[in-house]
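In: Compute the structure for the input listed below.
(one chain, ligands or ions: 1)
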Amino acid sequence: MTIEVRAARAGDAKKMGALHAARINEGFLASLGEGFLTRLYRRVAASPDAFAAVAVDERGEVVGFVATALNVSTLYRRFIVRDGAVAAIASASKLVRSWRRVLETLRYPSHASQLPAPEVLSVAVAASAAGRGVGRALLASAQRELERREVQAVKVVTGSHNTAAMALYRSAGFHEVETIEVHAGVQSTVLVWNAPILHVVHDRGAK
Ligand SMILES: CC(C)(COP(=O)(O)OP(=O)(O)OC[C@H]1O[C@@H](n2cnc3c(N)ncnc32)[C@H](O)[C@@H]1OP(=O)(O)O)[C@@H](O)C(=O)NCCC(=O)NCCS
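Out: Okay, here's the model as predicted:
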């Protein structure tokens with residue numbers, strides 16, 4: 001299988017929303033449904049301080065994606081202001097059912113001030129393409145983009161029991177910082193990746 005990783009475009013948002021709904025069952029976002037997720041990823045693709053990449057197979061099918069925000073609070077605020085009305089109407093019943101989780105997730109970044117603001121929001125690979133290095137390639141592309149933007153560190157929150165995700169993040173150089181309960185009764189692990197420090201050697205030349 002030949003896989004290409006490229007920057008996500010607005011047109012990829014529907015497939016990203018579908019992949020999120022199909023593959024990620026932790027966190028409240030998944031419970032809001034594909035329509036809501038599609039709007040969120042469209043907003044990510046259009047935001048200057050968020051970015052996403054997709055993995056595309058030889059038939060042009062999107063088989064995975066990774067989404068990153070430089071500041072989650074700013075992204076969610078922009079999403080609520082610019083897309084909120086439409087998104088809320090579309091998933092009104094689901095929002096009402098899971099409002100407690102919405103509040104917990106929106107609150108989480110603000111009481112974690114010692115952690116880096118940038119966050120990997122989600123990474124998912126289609127079941128048919130899993131276990132072949134696609135997740136690793138996607139995460140590597142996010143890490144390259146963070147370095148290009150001179151971001152020094154990024155965090156990610158994932159279910160402590162999510163063996164595949166924990167293995168992926170560890171293999172990409174993330175280290176565990178703490179275990180928390182974003183949602184009551186569910187253990188999540190916060191991991192952080194620090195970009196390699198660039199040592200500039202001034203070579204003044206031999207005299
Ligand atoms: C997590 C996920 C994105 C990994 O993608 P993937 O393409 O299957 O992973 P890769 O093949 O690139 O493997 C990356 C590393 O994780 C390990 N890994 C992958 N799946 C694993 C599994 N089920 N159990 C144990 N380790 C696993 C691989 O061995 C590899 O480690 P290595 O580099 O040390 O060899 C994928 O399993 C997935 O989409 N899961 C559902 C969505 C999810 O839970 N996302 C994370 C929360 S947002």
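In: Check the burial of the closest residue to the ligand within the chain by counting its neighbours.
Out: The chain approaches the ligand most closely through Gly135 (2.4 Å), counting by C-beta to the nearest ligand atom. Every residue, glycine included, has its C-beta placed from N, CA and C. Neighbour count for Gly135, taken as other C-beta atoms under 10 Å: 24.
In: do Pro116 as well
Out: Applying other C-beta under 10 Å, we find 18 residues neighbouring Pro116.
In: For it, which three-state class applies?
Out: Taking DSSP: H, G, I helix; E, B strand; the rest coil as the rule, one finds Pro116 in the coil state.
In: Could you confirm whether any residue of stretch 165-184 contacts the ligand?
Out: Yes. Applying C-beta under 6 Å from any ligand atom, one finds that stretch 165-184 is in contact with the ligand at 165, 167-168, 171.
In: no wait, stretch 36-55
Out: No. In terms of C-beta under 6 Å from any ligand atom, no part of stretch 36-55 sits within range of the ligand; the closest distance is 8.3 Å.
In: Now do that stretch: distance to the chain's middle.
Out: Here the centre of stretch 36-55 is set off from its chain's centre by 9 Å, with C-alpha atoms, centre = their mean, to the nearest Å.
In: before we move on, back to that, OK, contacts around the residue of the chain closest to the ligand?
Out: With contact taken as C-beta atoms under 8 Å, 6 or more residues apart in numbering, Gly135 is in contact with 64, 123, 125, 164, 168.
In: Please repeat the previous calculation with a cut-off of 10 Å.
Out: For Gly135, the residues meeting the contact criterion (C-beta atoms under 10 Å, 6 or more residues apart in numbering) are 55, 64, 66, 123-125, 129, 164-165, 167-169, 171-172.
In: Can I have the buried ones of those as a ChimeraX selection?
Out: The following ChimeraX line selects those of the contacts of Gly135 that are buried, judged by 16 or more other C-beta atoms under 10 Å:
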select :55,64,66,123,124,125,129,165,168,169,172
